[in-house]
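[1] Take a look and give me a structure for this.
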Amino acid sequence: MKSETPAQLGRPRAFDPDAALDRAMHVFWAKGYEGASLSDLTRAMRINRPSLYAAFGNKEELFRKVLDRYMDGPVAYFAKALAAPKAREVVEEIFLGTVRMADDPKIPAGCLMVQGALACGNASARKEAVARRAASEAALRHRLQQAKREGDLPKNAAPAELAHYVMTVVRGMAVQSAGGASRDQLRRVAQIALRAWPKR
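    Predicted coordinates for the structure are as follows:
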């Protein structure tokens, strides 16, 4: 019996899934979950609907994969910032990463997790984005709790409140960026926010 060649086993994908995901990310980012139609997505991804369903599942599943890509790509700076040696440096790196994103011409302005799901009628997609935002805040809270244990924050500091404060500023900066704020304007917001950071 003859062995089957790869061509006989099935046609290889005629597109790059990573590039297609990047393009889908830009559509969701610019138009939000609700505003991104399947036609918008397939046109941007340069594939047809059957290929989209076969490779990525339905629109909700595609959105989840896009959020994964977003966390590992444009906002990867957030996880790296958590590794900074001092709590103030962690927060400064998070703010500066947000500023740098606003100045990157290769990506839409603002934040995918804010714009993609705030005005979203799909409960599952909204819940997914909310869960991701909560996970980011929890990761920062844990890092600040560690800083407090190490004496890097004052004894009266409240890590949970500080984490909530930082993420509120970051999301506000993202909204301002989507509204056309310049890199310098966002940098000044970051500098003012850092002045409120507790001193030991």
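
[2] where do the helices sit along this structure?
    6-9, 17-35, 38-45, 49-56, 59-72, 76-81, 87-102, 112-115, 123-149, 159-178, 183-195 (DSSP state H).

[3] pLDDT of the last one, averaged?
    Okay, so that is helix 183-195. The average pLDDT within helix 183-195 is 95.

[4] tell me which residues in it are buried?
    Neighbour-count burial for helix 183-195, counted by 16 or more other C-beta atoms under 10 Å, picks out 186, 187, 189, 190, 193. (C-beta placed from N, C-alpha, C; glycine too.)

[5] Can you name every helix or strand that it contacts?
    Packing partners of helix 183-195 (3 or more C-beta pairs under 8 Å, 6 or more residues apart in numbering; DSSP states H and E): helix 87-102, helix 159-178.

[6] the inter-axis angle of it versus helix 159-178?
    170 degrees (axes from the mean of the first three to the mean of the last three C-alpha atoms, to 10 degrees).

[7] Restricting to C-alpha, output helix 183-195 in CSV.
    Taking C-alpha atoms only, helix 183-195 is exported to CSV below (Å, rounded to 0.1, in the frame of the first residue of the first chain):
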residue,chain,number,x,y,z
ARG,A,183,2.3,61.3,23.1
ASP,A,184,3.4,64.5,25.0
GLN,A,185,0.0,65.0,26.5
LEU,A,186,-0.2,61.3,27.7
ARG,A,187,3.4,61.5,29.0
ARG,A,188,2.3,64.5,31.2
VAL,A,189,-0.6,62.6,32.5
ALA,A,190,1.8,59.8,33.5
GLN,A,191,4.1,62.2,35.2
ILE,A,192,1.3,63.8,37.2
ALA,A,193,0.0,60.4,38.2
LEU,A,194,3.4,59.3,39.4
ARG,A,195,3.6,62.3,41.7
